[in-house]
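Asker: Next comes the sequence, and after it the predicted model I'd like to discuss.
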Amino acid sequence: GCDSSLNLTSQKATDAVDGIFRSLRDIARVRMHMKQFNSVHNPGSNTHQASASYKPLLKQVVEEICNPDRPDPVDIEHISSGLTDLLKTGFSMFMKVNQP
């Protein structure tokens, strides 16, 4: 990081940009495996003169979750990490301790 533009060096800027592009490549790699949310680009239609458009991932996900007419999205999975699950995990580990 850089707390001031006075402390910005070419190397810090290059490292920051490299980090951004690394994150973008990681996101693209994960999205390739998705069945439903694999693209933000809508190419449009040549027959109806519809132009290409962009639909952000977050907008796609929210619309899919909030649409009552569609089945559960295949690319979304709820993973609970609440207190109940932590207690269950803790107790199951406690119960597995061998008696002397």
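Answerer: Happy to help now that I have it.
Asker: pLDDT score for the most centrally placed residue in the chain?
Answerer: By CA atoms, centre = their mean, the chain has its centre lying nearest to Ile27, at 7.1 Å. Ile27 is assigned a predicted lDDT (pLDDT) of 83.
Asker: residues touching it, list them.
Answerer: Residues in contact with Ile27 (CB atoms under 8 Å, 6 or more residues apart in numbering): none are found. Placement of C-beta: from N, CA and C, glycine included.
Asker: In which helix or strand does it reside?
Answerer: helix 10-32 (DSSP states H and E).
Asker: For that helix, list the C-alpha coordinates in CSV.
Answerer: Written as CSV, here are the backbone C-alpha positions of helix 10-32 (Å, rounded to 0.1, in the frame of the first residue of the first chain):
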residue,chain,number,x,y,z
SER,A,10,7.0,3.0,-10.0
GLN,A,11,7.5,-0.3,-8.3
LYS,A,12,4.6,0.2,-5.9
ALA,A,13,2.3,1.2,-8.8
THR,A,14,3.4,-1.8,-10.9
ASP,A,15,2.9,-4.2,-7.9
ALA,A,16,-0.6,-2.7,-7.4
VAL,A,17,-1.6,-3.1,-11.0
ASP,A,18,-0.2,-6.6,-11.1
GLY,A,19,-2.3,-7.5,-8.1
ILE,A,20,-5.4,-6.1,-9.7
PHE,A,21,-4.8,-8.1,-12.9
ARG,A,22,-4.0,-11.2,-10.9
SER,A,23,-7.3,-10.9,-9.1
LEU,A,24,-9.1,-10.4,-12.4
ARG,A,25,-7.5,-13.5,-13.9
ASP,A,26,-8.5,-15.5,-10.8
ILE,A,27,-12.1,-14.3,-11.1
ALA,A,28,-12.2,-15.2,-14.8
ARG,A,29,-10.8,-18.7,-14.1
VAL,A,30,-13.5,-19.3,-11.5
ARG,A,31,-16.3,-18.0,-13.7
MET,A,32,-15.3,-20.3,-16.5
